[in-house]
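Engineer: Let me see the structure of the following:
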Amino acid sequence: MTPREAILRISDSMNASVIGQQTVVERILVALLANGHLLMEGLPGVAKTRSIKTLSRLIESDFSRVQFTPDLLPSDVTGSDIYREQTGTFDFQPGPIFGNLVLGDEINRAPAKVQAALLEAMEERQVTVAGKTHRLPDLFLVLATQNPIEQEGTYPLPEAQMDRFLLYVHVPYPDPANEAAILRLVRGEKAGTAAEPPPPVPQQLIFDARKEVNAVHVADAAEQYIVDLITATRHPERFGDDLAKWIRLGASPRGTIALDAASRAHAWLHGQDFVSPENIRAVAPACLAHRIHLSYQAEAAGKTRTEVVDALLEKVVAV
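Structural biologist: Numbering: from 1, shown residues only. Purely as a prediction, here's the structure:
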């Protein structure tokens with residue numbers, strides 16, 4: 001099996017299990033291929049948790065889940081040293097962050113210290129406890145979820161910490177036709193008649209796919225388009241009064257890096273060996289929506305970050 005065949009098989013199986021969320025599935029795979037992390041926001045019951053649990057069954061991996069609550073401690077995520085009375089020594093007990101695929105459920109319910117510990121591990125790919133550093137697995141993807149409607153007892157992620165996520169994905173409700181298909185799928189699972197998932201894909205094929213993604217060519221014109229988009233978020237006044245009123249702060253250089261990595265992964269997923277402007281536009285909302293800061297005027301007008309990025313894409317033209 002080639003790396004492409006393996007990823008396409010994962011894609012088909014995920015779309016069969018997470019019905020009506022093709023865009024969400026594609027962006028999860030983009031994050032996997034680009035070796036980044038994903039922040040998913042959506043109302044309860046729209047298959048955020050099901051998405052990564054399905055992915056974990058399709059890849060040879062250790063899946064771990066952290067249900068964030070206000071009383072959680074950083075060591076509950078990263079792990080801690082445990083004293084062994086029999087030997088008189090301290091042994092490190094890894095926390096759930098040491099899984100390959102880590103679900104951070106309702107990350108905005110965790111206090112700031114826990115969020116910081118998680119995001120530091122995501123960025124550094126290691127955990128330091130009692131002066132000793134423990135490396136995280138080579139295959140390491142965090143999919144964090146948050147509920148946008150319940151704000152009581154929550155700790156919203158600071159903007160600088162949201163920047164650590166490669167992609168932000170809003171998960172919408174499925175349409176009526178897909179809702180009926182979901183009913184039939186769940187009935188089949190409960191009755192034991194649902195199709196068995198294919199054998200899990202070895203991790204090495206994921207690493208081989210990443211090498212191919214890194215080899216995808218980015219021409220000077222495509223590179224300039226990426227830079228132009230990022231620059232436009234920082235100087236929106238050059239692209240009309242509306243954007244100038246809506247955007248308070250633009251994307252950091254992490255946004256440039258994320259847009260480059262995600263567009264290469266998107267191009268590879270679609271069988272291309274080069275990045276086109278269409279690939280860049282396809283991933284731009286997921287790469288930039290959580291990296292721009294909206295003004296009070298935009299919020300008062302009911303504008304979402306994704307809508308502002310869409311407006312930006314209409315103004316900035318590829319060379």
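Engineer: end-to-end on stretch 215-225?
Structural biologist: Counting by C-alpha to C-alpha, to the nearest Å, you get 19 Å between the two ends of stretch 215-225.
Engineer: How far off centre is it?
Structural biologist: In terms of C-alpha atoms, centre = their mean, to the nearest Å, the centre of stretch 215-225 is found 23 Å from the chain centre.
Engineer: Same check on stretch 180-199?
Structural biologist: Centroid separation between stretch 180-199 and its chain, computed with C-alpha atoms, centre = their mean, is 26 Å.
Engineer: Could I get the buried residue list for that stretch?
Structural biologist: Neighbour counts using 16 or more other C-beta atoms under 10 Å place Leu185 of stretch 180-199 among the buried residues. Glycine gets a C-beta too; all of them are placed from N, C-alpha and C.
Engineer: And the contacts of it?
Structural biologist: Arg9, Ser13, Ala16, Ser17, Ile19, Gly20, Arg57, Leu58, Pro174 (C-beta atoms under 8 Å, 6 or more residues apart in numbering).
Engineer: Pull the contacting residues for the fifth one.
Structural biologist: Spelled out, it's Ile19. Applying C-beta under 8 Å, 6+ apart to Ile19 gives the contacts Pro174, Asn178, Ala181, Ile182, Leu185.
Engineer: now swap in the second one and tell me
Structural biologist: When the contact criterion is C-beta under 8 Å, 6+ apart, the partners of Ser13 are Thr54, Leu58, Pro197, Pro198.
Engineer: neighbour-wise, which of the contacts of stretch 180-199 leads?
Structural biologist: Highest neighbour count within the contacts of stretch 180-199, by other C-beta atoms under 10 Å: Ser17, with 22 neighbours.
Engineer: Give me the three-state assignment for the residue nearest to that one when sequence neighbours are not counted.
Structural biologist: Residue nearest to Ser17 in three dimensions, not counting chain neighbours: Thr54, with 4.6 Å by C-beta to C-beta, 6 or more residues apart in numbering. Recorded secondary structure, Thr54: helix (DSSP: H, G, I helix; E, B strand; the rest coil).
Engineer: still on that earlier bit, let's have the contacts of stretch 180-199 in CSV, adding secondary structure and distance to Ala311.
Structural biologist: Below are the contacts of stretch 180-199 laid out as CSV (DSSP: H, G, I helix; E, B strand; the rest coil; distance: C-beta to C-beta, whole Å):
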residue, secondary structure, distance to Ala311
Arg9, helix, 37
Ser13, helix, 36
Ala16, helix, 35
Ser17, helix, 34
Ile19, coil, 31
Gly20, coil, 26
Arg57, helix, 39
Leu58, helix, 36
Pro174, coil, 26
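Engineer: can you redo the residues you listed as JSON lines with pLDDT and distance to Glu159?
Structural biologist: Compiled in JSON lines, these are given as follows (pLDDT from 0 to 100; distance: C-beta to C-beta, whole Å):
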{"residue": "Arg9", "pLDDT": "94", "distance to Glu159": "37"}
{"residue": "Ser13", "pLDDT": "92", "distance to Glu159": "35"}
{"residue": "Ala16", "pLDDT": "89", "distance to Glu159": "37"}
{"residue": "Ser17", "pLDDT": "89", "distance to Glu159": "33"}
{"residue": "Ile19", "pLDDT": "88", "distance to Glu159": "33"}
{"residue": "Gly20", "pLDDT": "86", "distance to Glu159": "31"}
{"residue": "Arg57", "pLDDT": "92", "distance to Glu159": "34"}
{"residue": "Leu58", "pLDDT": "94", "distance to Glu159": "33"}
{"residue": "Pro174", "pLDDT": "84", "distance to Glu159": "30"}
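Engineer: Take those and lay them out in a markdown table including distance to Leu288.
Structural biologist: A markdown table is the format used below for these (distance: C-beta to C-beta, whole Å):
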| residue | distance to Leu288 |
| --- | --- |
| Arg9 | 30 |
| Ser13 | 29 |
| Ala16 | 30 |
| Ser17 | 29 |
| Ile19 | 28 |
| Gly20 | 25 |
| Arg57 | 31 |
| Leu58 | 29 |
| Pro174 | 25 |
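Engineer: Tell me the one of these nearest Ile28?
Structural biologist: Proximity of the contacts of stretch 180-199 to Ile28 (C-beta to C-beta) peaks at Leu58, which lies at 11.0 Å.
Engineer: what about the closest residue in space to that closest one that isn't next to it in sequence, how many neighbours?
Structural biologist: In this structure, Leu58 finds its nearest non-sequential neighbour in Ile10, 4.8 Å apart by C-beta to C-beta, 6+ apart. Neighbourhood size, Ile10 [other C-beta under 10 Å]: 26.
Engineer: which residues sit in contact with Ile10?
Structural biologist: Going by C-beta under 8 Å, 6+ apart, Ile10 touches Leu29, Leu55, Leu58, Ile59, Val201.
Engineer: From Pro197, how far out is the closest residue to Ala219 other than its chain neighbours?
Structural biologist: Leaving aside its sequence neighbours, Ala219 sits nearest to Phe274 (C-beta to C-beta, 6+ apart; 6.5 Å). Separation of Phe274 from Pro197 (C-beta to C-beta, to the nearest Å) stands at 33 Å.
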